[in-house]
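A.B. asks: Sequence first, predicted model second:
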Amino acid sequence: PQYQALFRGREILGKPFLEALPEFCDQPFAGLIRAVMETGVPYVGREELARHASQLGGPLENHYYDFTYVRLEDDEGGTLGVYNHAVDVTDRVRARRESEKAAAALQASVIDLEQERDLREKFVAALTHDLRTPITSAKLMAQLLERNANSPENARKAQRITASMDRADGMIRDLLDASRIKAGLSLNLKPQQCDITEVAQSTVNELTLIYGNRFLFTSPGPVRGVWDATAIRRILENLATNAIKYGAGDRPIHINVSGTMDELALSSQNEGTSIPAEAQRDLFQLFRRSDTAEAGKQEGWGIGLSLVHGLAKAHGGNVGVISGPEQGTTFWVKLRALPTTLTAAPLA
């Protein structure tokens, strides 16, 4: 019988309840049985704890049961006894409790992560504010030196200082936006009518001041439409500096812009060590760098390409990479024109 499987090695048939199972003396079941016998009211238990030994002489163990006590009567209404229908639900109870425990731990982790995110955002905001103040002062002094330069050479030096200050300010902005991407927040866009060819040419000129004549810029002509010119400038800057870091130092970097008033295509192409296929899928994840990049001498945060991806998504576009030993490495970005009423776009 099934009950013998619960109480192995015991002779319990025909014995009074507490004589057969003395470990139940201090538990409520004998009282419940008496109440059902006296009142005739059935009792239904759900996942109730019963401590008993599984075999004779064994230790007490926790078991859980769904059960029903029903009084049995003869034809004249006399009490014959109590019928007990019980189902061992110990495994179910333990599994649910483990699940509840895991859910509670997960919820605690979520709360900790949210607190960490809030602290990180506050820290980044405070840090960037403190950094921008001296950068702004240095930039103003460089601009003053440029205006009052006594030779073309000094003017060029002042321009390079200004460009470097702009780069530092851009890195701070990248850090802020990386924090927003990490938190799943939106990146703000400012749509405006502009010619992206002019924006790209200006960006390449500024990069040339810093890195020298490394860039070859091509475009079929003006590409006018509604875009966020600053965001596109940042995309090109990150693609170009990525090519500078990881491309062949003695080969040119090709920057291309093409498109229509509705769609825009940007790309950067460099020669050098190719990116393995298995590493390409993680390139646009925040704070992720390929094994080749980690093994190289160039340091990085793993932010630039994730920002390119975030800015492209905010434009309703996408990004990708093609890399191989023969063709080098090409990062491409495709963007859609923005509605003029757009102020921010959520990250997908």
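C.D. replies: That came in fine, so what should we check first?

A.B. asks: drop to CA atoms for contacts and neighbour counts, all remaining ones
C.D. replies: Noted.

A.B. asks: Just name whatever secondary elements the longest strand seen in the chain is in contact with.
C.D. replies: Scanning the chain for the longest strand, with DSSP state E as the assignment, gives strand 60-73. For strand 60-73, the elements it packs on are helix 29-39, strand 43-53, strand 79-88, helix 90-147, judged by 3 or more CA pairs under 8 Å, 6 or more residues apart in numbering; DSSP states H and E.

A.B. asks: Next, format those as CSV and append mean neighbour count.
C.D. replies: Converted to CSV, the helices and strands packed on strand 60-73 look like this (neighbours: other CA atoms under 10 Å):
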stretch, mean neighbour count
helix 29-39, 15
strand 43-53, 16
strand 79-88, 14
helix 90-147, 14
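
A.B. asks: of all the ones you listed, which lies closest to R214?
C.D. replies: The minimum distance between R214 and these falls on helix 90-147, with 24.6 Å, by CA to CA.

A.B. asks: Report the distance from the closest one to the chain centre.
C.D. replies: Between the mean C-alpha location of helix 90-147 and the chain-wide mean there is a distance of 12 Å, by CA atoms, centre = their mean, to the nearest Å.

A.B. asks: Likewise for stretch 257-265?
C.D. replies: Here stretch 257-265 is found 31 Å from its chain centre; the criterion is CA atoms, centre = their mean.

A.B. asks: ditto for stretch 317-324
C.D. replies: On the basis of CA atoms, centre = their mean, the separation between the geometric centre of stretch 317-324 and that of its chain is 21 Å.

A.B. asks: Identify all contacting residues around that stretch.
C.D. replies: Outside stretch 317-324, the residues within contact range by CA atoms under 8 Å, 6 or more residues apart in numbering are 274-277, 280, 308-309, 312, 329-336.

A.B. asks: Can you tell me which helix or strand of this structure has the lowest average pLDDT?
C.D. replies: Of all the helices and strands that make up the chain, the one with the lowest confidence by mean pLDDT, DSSP states H and E is strand 344-345; it has a mean of 42.

A.B. asks: any weak-confidence spans in the stretch 101-250 of the chain?
C.D. replies: Confidence mapping of the stretch 101-250 of the chain against pLDDT under 70 gives the ranges 124, 128-129.

A.B. asks: can you map out the strands along the stretch 151-300 of the chain?
C.D. replies: Assigned by DSSP state E, counting those that start in this stretch, the strands in the stretch 151-300 of the chain fall at 187-188, 192-195, 215-218, 224-227, 253-259, 263-270.

A.B. asks: Assign a three-state SS to the residue in the chain sticking out farthest from the centre, would you?
C.D. replies: Computed with CA atoms, centre = their mean, the residue of the chain farthest from its C-alpha average is E76, at 71.7 Å. In three-state terms, and counting by DSSP: H, G, I helix; E, B strand; the rest coil, E76 is coil.

A.B. asks: That one and M37, how far apart?
C.D. replies: When CA to CA, to the nearest Å is applied, the distance between E76 and M37 equals 15 Å.

A.B. asks: before we move on, the earlier item: strand partners (parallel or antiparallel) of the longest strand of the chain?
C.D. replies: Strands flanking strand 60-73 in the sheet, each with its direction: strand 43-53 (antiparallel), strand 79-88 (antiparallel) (DSSP bridges).

A.B. asks: Give me the residues contacting the last one.
C.D. replies: Read that as strand 79-88. Outside of strand 79-88, the residues within contact range by CA under 8 Å, 6+ apart are 33, 36-37, 63-74.

A.B. asks: what's the most distant pair in those residues?
C.D. replies: Farthest apart among those - using CA to CA - are H63 and D74, which lie 32.8 Å from each other.

A.B. asks: Compare neighbour counts for the two and give me the winner.
C.D. replies: With neighbours defined as other CA atoms under 10 Å, H63 and D74 compare such that H63 has more, 20 against 9.
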